[in-house]
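> Have a look at this fold, sequence not included:
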Ligand code: NAD
Ligand code: DAU
């Protein structure tokens, strides 16, 4: 039975990945989920799998070398899928330190622990071991309208403290590949959306605010472009890179689905109007009048656009969920999980929201 060590599995993409893997492989794999449960980590995301015999949750911090080495000592880990990170750009602008500590130093701890567990005395590595570092398109910097796409060969040019910390962690993984022939892949994915996404990010924030008749904050002119991918398509890509990716390679993952932020907001408002049943009082609240232009994000990257040609040609991955369908699935999920939203937006979220949006 192959054993996966997933870091950050209680977060948005990590929990979707764990669900995807159990749907696909059932009882033929084992997953050890290591997460220290920051504000973004939520064990409610994993309720449906927590009783499985082939699932283990370990509450540990990836910066804690002893705790991580202990896990490698207890389990014969075949694959590491490394999601754990501080992931929100706005928070990185306000408080960069923890981004360096978790994203850079935490990744170093993970690399060293895997290397120690997998390295043979002659410096080669045990067969069939692999470390997959989950990274982002933001490491490539920013494009203008009319520019080409981000390719795997595009030089790293991060701008925010978040993207600088992710670029640094990519560099560390690359250094381990180049120096030790460490068995790893790096994936750089575009913006994800879907179930379990924390409502500090654009799509769940807009859905949640619109349903309550609260202002919809648009940074700057609303014309910044992101390339949106449904989270299940990302989970599938990660699995395919694990299975078929050539060791040492970097793979871009993206949906060829570029949209301006203001377009996203209009699509969400239209879809909410279509999906809310007649007579539902929230229909009266959901309105374009809620759109509010606010001060721009500092250093706001203008456009991200991934060229996913390499993963398509070498591995055969392509995105399966069209944006309109993905948005409907996401909204449906939020309709069915009102309690989840209530829980994650109580307490600390209120304080964050008030400070961030002066609301
Ligand atoms: P998230 O913020 O929703 O989840 C992060 C998870 O990591 C949480 O469960 C948190 O508790 C855990 N974590 C944070 N610090 C930790 C630490 N020190 N030790 C152990 N666990 C810790 O993030 P996400 O959106 O799911 O992103 C996951 C990964 O994917 C990140 O590496 C991110 O850079 C990358 N990524 C995200 C996107 C996106 O659109 N969200 C796109 C491309 C890549
Ligand atoms: O591109 C991949 C990245 O996508 C990931 O690496 C990050 O972890 C993830 O957070 C995401 O980063 P973005 O900064 O692109 O996502 P966010 O949802 O924060 O913002 C998307 C766009 O919407 C961005 O141009 C800023 C804008 N925005 C965001 C918020 C929260 C607004 O206009 N208003 C808002 O309130």
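Structure received. Keep in mind that what you see is a predicted model, and the values were worked out from it rather than measured. Ligands and ions are numbered 1, 2, ... in the order given.
> From residue 226, how far out is residue 334?
Separation of residue 334 from residue 226 (Cβ to Cβ, to the nearest Å): 19 Å. (Each C-beta comes from the backbone N, C-alpha and C, glycine too.)
> hang on, I meant residue 9
On the measure of Cβ to Cβ, residue 9 and residue 226 end up 24 Å apart.
> ranges for the strands of the stretch 1-150 of the chain?
Along the stretch 1-150 of the chain, the stretches classed as strands by DSSP state E, counting those that start in this stretch are 2-7, 29-35, 55-59, 79-82, 130-136.
> so can I have a markdown table of these showing mean pLDDT, mean neighbour count and distance to residue 247?
Supplementary listing: these in a markdown table, determined by pLDDT from 0 to 100; neighbours: other Cβ atoms under 10 Å; distance: least, Cβ to Cβ, whole Å:
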| stretch | mean pLDDT | mean neighbour count | distance to residue 247 |
| --- | --- | --- | --- |
| strand 2-7 | 98 | 22 | 17 |
| strand 29-35 | 98 | 23 | 20 |
| strand 55-59 | 98 | 17 | 27 |
| strand 79-82 | 98 | 25 | 13 |
| strand 130-136 | 98 | 24 | 7 |
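> Let me have those strands in CSV, extended by distance to ligand 2.
Below are those laid out as CSV (distance: least, Cβ to the nearest ligand atom, whole Å):
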stretch, distance to ligand 2
strand 2-7, 15
strand 29-35, 16
strand 55-59, 22
strand 79-82, 14
strand 130-136, 3
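> a markdown table please, covering the ones you listed and showing distance to residue 339.
Formatted as a markdown table, the strands of the stretch 1-150 of the chain follow (distance: least, Cβ to Cβ, whole Å):
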| stretch | distance to residue 339 |
| --- | --- |
| strand 2-7 | 25 |
| strand 29-35 | 21 |
| strand 55-59 | 21 |
| strand 79-82 | 28 |
| strand 130-136 | 28 |
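> Out of those, which is closest to residue 250?
strand 130-136 (8.4 Å; Cβ to Cβ).
> so how far is residue 344 from the closest residue to ligand 1 within the chain?
Nearest residue of the chain to ligand 1: residue 11, at 2.0 Å (Cβ to the nearest ligand atom). Per Cβ to Cβ, residue 11 is found 12 Å from residue 344.
> still on that earlier bit, nearest to residue 297, out of the strands of the stretch 1-150 of the chain?
strand 130-136 (15.8 Å).
> what's downstream of the closest one, the next helix or strand?
Sequence-wise, the next helix or strand downstream of strand 130-136 (DSSP states H and E) is helix 161-180.
> So for that next one, what gets flagged as buried?
161-170, 172-174, 176-177 (16 or more other Cβ atoms under 10 Å).
> What are the contacting residues of stretch 271-284?
207, 210, 211, 213, 286, 324, 327, 328, 331, 332, 335 (Cβ atoms under 8 Å, 6 or more residues apart in numbering).
> now do 10 Å
206-207, 210-213, 285-287, 324, 327-328, 330-332, 334-335 (Cβ atoms under 10 Å, 6 or more residues apart in numbering).
> can you check stretch 336-351 too?
With Cβ under 10 Å, 6+ apart as the criterion, stretch 336-351 contacts 39-40, 42, 44-45, 47, 195-196, 198-200, 204-205, 207-208, 211-212, 333-335, 352-353, 359.
> touching ligand 1 at all, it?
No - Stretch 336-351 does not reach ligand 1 (Cβ under 6 Å from any ligand atom); its nearest approach is 10.6 Å.
> residues in contact with the closest residue to residue 65 other than its chain neighbours?
Nearest non-adjacent residue to residue 65, counting by Cβ to Cβ, 6 or more residues apart in numbering: residue 109, 5.1 Å away. Residue 109 sits next to 61, 62, 63, 64, 65, 66, 67, 68, 69, 102 when contact means Cβ under 10 Å, 6+ apart.
> Swap in 7 Å and give it another go.
62, 63, 65, 68 (Cβ atoms under 7 Å, 6 or more residues apart in numbering).
> next one: residue 196
Residue 196 neighbours (Cβ under 7 Å, 6+ apart): 12, 15, 16, 45.
> need the residues of the chain near ligand 2, please.
So the chain meets ligand 2 at 87-89, 136-138, 190-191, 201-202, 205, 217-219, 224, 226, 261, 297, 304 (Cβ under 6 Å from any ligand atom).
> Also within reach of ligand 1: list those from those.
87, 136, 191.
> In helices only, show me the residues of the chain next to ligand 2.
89, 202, 205, 261 (DSSP state H).
> just those residues now: which is nearest residue 73?
Nearest member of those to residue 73, counting by Cβ to Cβ, is residue 89, at 36.0 Å.
> For the closest one, give its distance to residue 61.
22 Å.
> Between the two, which is the more surrounded one?
Per other Cβ atoms under 10 Å, whichever of residue 89 and residue 61 has more neighbours is residue 89, with 22 against 18.
> ok, now which ones touch the more buried one?
160, 162, 297.
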